[in-house]
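> Curious how this folds, go ahead:
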Amino acid sequence: MYRFEELDEITRKWMLEEFLNEERSENPYRSPRLSPLGLKVFPMEMEKAIREGNEETLARALSNPAYWKSSETYRRGGKEYIRRINPTKAAEFLAYTEFNTWYVRGFARRLIEEGEEYCQVYRAAPAWQPRDECLKHEDQIYEVIKVYEGHRARYWPPPGNPNAFSIPVGTNCHHSIRRVR
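Numbering: from 1, shown residues only. Take a look at the predicted model:
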């Protein structure tokens, strides 16, 4: 479970506003692992989690196998492979990443509105195997506007910019932001 230090009604308000703005855009983020039914259900479940839940309630809501494709293709070493999708793990992966993404975006917006200039990156949940690209940001202090503007810049819309600054840095990143102490 993630530790979101200021997941309160004010932060949820900004999370929701930012989420709904993206939903109204031409190209809101959707996981390519979701089935057609999952693509339809995801925004409703995400909104519900922002309003009254967390990453755990979102994971449970998305764990229905009908929401997921049965398999996916991926590339490694120049070869293409197919692997089965585990709906429970896929739901956790998406829910944890997305809820944290919207927490960071909403909390950054809140800090901007409150006149804060800086924020600090922290590990909001333990990681089984921390990624190097995440570790370099741990405990670092950044301008809030840079965090806000870096929303999904590394991977969305495709192809993204893998060198862009973004917190979280991508899927399965366990870093979030807090006020500078």
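> that's a strand at residue 80, yeah?
Yes. When the secondary structure is assigned by DSSP: H, G, I helix; E, B strand; the rest coil, residue 80 falls within a strand.
> pretty sure it is in contact with residue 72, am I right?
No. Taking contacts as CB atoms under 8 Å, residue 80 lies outside contact range of residue 72: 10.8 Å. Glycine gets a C-beta too; all of them are placed from N, C-alpha and C.
> Just checking, which helix or strand of the protein averages the lowest pLDDT?
helix 132-135 (a mean of 81; mean pLDDT, DSSP states H and E).
> Can you list the buried residues in that one?
Residues of helix 132-135 classed as buried by neighbour count (16 or more other CB atoms under 10 Å): residue 134.
> Quick check on residue 80 and residue 72: which one has the bigger neighbour count.
residue 72 (14 against 8; other CB atoms under 10 Å).
> Helix or strand next in line after the helix ranked longest in the chain, which one?
In the chain, taking DSSP state H as the definition, the longest helix is helix 87-113. For helix 87-113, the succeeding helix or strand toward the C-terminus, using DSSP states H and E, is strand 118-123.
> list the helices and strands that following strand packs on?
helix 87-113, strand 141-143, helix 144-149, strand 175-179 (3 or more CB pairs under 8 Å, 6 or more residues apart in numbering; DSSP states H and E).
> hmm, 6 Å instead?
Secondary-structure packing of strand 118-123 (3 or more CB pairs under 6 Å, 6 or more residues apart in numbering; DSSP states H and E): strand 175-179.
> now the angle from the strand it packs on to helix 87-113?
On the basis of axes from the mean of the first three to the mean of the last three CA atoms, to 10 degrees, strand 175-179 is oriented at 30 degrees to helix 87-113.
> Mean confidence (pLDDT) on strand 175-179, please.
Taken as a whole, strand 175-179 has an average pLDDT of 97.
> one step back: got a list of contacts for the least confident helix or strand of the chain?
169, 173, 175 (CB atoms under 6 Å, 6 or more residues apart in numbering).
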